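> what's the 3D shape of this:
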Amino acid sequence: MNIRKNRYDHTQVESSALNDILFIFLLFFLIVSTLANPNVIKVTLPNAKSNTKSKQTVVVSINRDHQFFVGNNPVPEDQLKQALAPKIASESVDATIVVNADKSVPIEYVVDVMEVAHELNAKVVLATAHPNP
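Numbering: from 1, shown residues only. Predicted coordinates:
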């Protein structure tokens with residue numbers, strides 16, 4: 001007859017809450033990553049064979065309705081120079097204007113931005129979509 005009690009305790013780690021926590025973290029990072037886009041104005045960029053993105057100092061966007069935006073602020077085309085001058089003056093010697101133009105925008109609007117940049121002694125970079133692999 002065995003009178004001794006079995007004194008072996010089995011240790012267990014409860015991991016049922018771990019799945020919930022990981023799921024919440026996943027949702028949090030997915031939501032935050034969608035909010036981290038600096039270009040809020042939706043434009044369809046033309047394609048390029050190489051990455052032409054430069055250090056963004058001032059972003060000028062032109063949407064398909066031919067509206068100009070400096071950053072996120074709408075600006076009439078005739079006041080573009082007045083809107084860009086303070087931003088270019090606050091930048092370093094190599095100020096750069098990045099042009100985000102919808103691919104349906106006529107090239108004359110992009111040239112207008114380039115002329116304003118030339119008057120302000122700034123470099124111009126045309127943003128394009130990522131190359132297709």
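> For the chain, which segments count as helices?
Listed in chain order, the helices of the chain (DSSP state H) span 16-35, 80-90, 107-119.
> Residue 101: which of the ones you listed is closest?
For the helices of the chain, proximity to residue 101 was assessed by Cβ to Cβ; helix 107-119 is nearest, at 5.2 Å. To be clear about C-beta, it is placed using only N, CA and C from the backbone, and glycine gets the same treatment.
> I'd like to check the angle between that closest one and helix 80-90, please.
Computed by axes from the mean of the first three to the mean of the last three Cα atoms, to 10 degrees, the angle separating helix 107-119 from helix 80-90 equals 40 degrees.
> just how off-centre is helix 107-119 within its chain?
23 Å (Cα atoms, centre = their mean, to the nearest Å).
> Which secondary structure elements does it sit against?
In terms of contacts (3 or more Cβ pairs under 8 Å, 6 or more residues apart in numbering; DSSP states H and E), helix 107-119 is packed against strand 58-62, helix 80-90, strand 96-101, strand 123-126.
> got those as a markdown table, with distance to residue 113 and mean neighbour count columns?
Putting the helices and strands packed on helix 107-119 into a markdown table (distance: least, Cβ to Cβ, whole Å; neighbours: other Cβ atoms under 10 Å) gives the following:
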| stretch | distance to residue 113 | mean neighbour count |
| --- | --- | --- |
| strand 58-62 | 5 | 22 |
| helix 80-90 | 7 | 15 |
| strand 96-101 | 5 | 21 |
| strand 123-126 | 7 | 17 |
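> how about JSON lines for those, with distance to residue 33 and mean pLDDT added?
As requested, the helices and strands packed on helix 107-119 are exported to JSON lines (distance: least, Cβ to Cβ, whole Å; pLDDT from 0 to 100):
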{"stretch": "strand 58-62", "distance to residue 33": "20", "mean pLDDT": "89"}
{"stretch": "helix 80-90", "distance to residue 33": "28", "mean pLDDT": "84"}
{"stretch": "strand 96-101", "distance to residue 33": "20", "mean pLDDT": "88"}
{"stretch": "strand 123-126", "distance to residue 33": "25", "mean pLDDT": "86"}
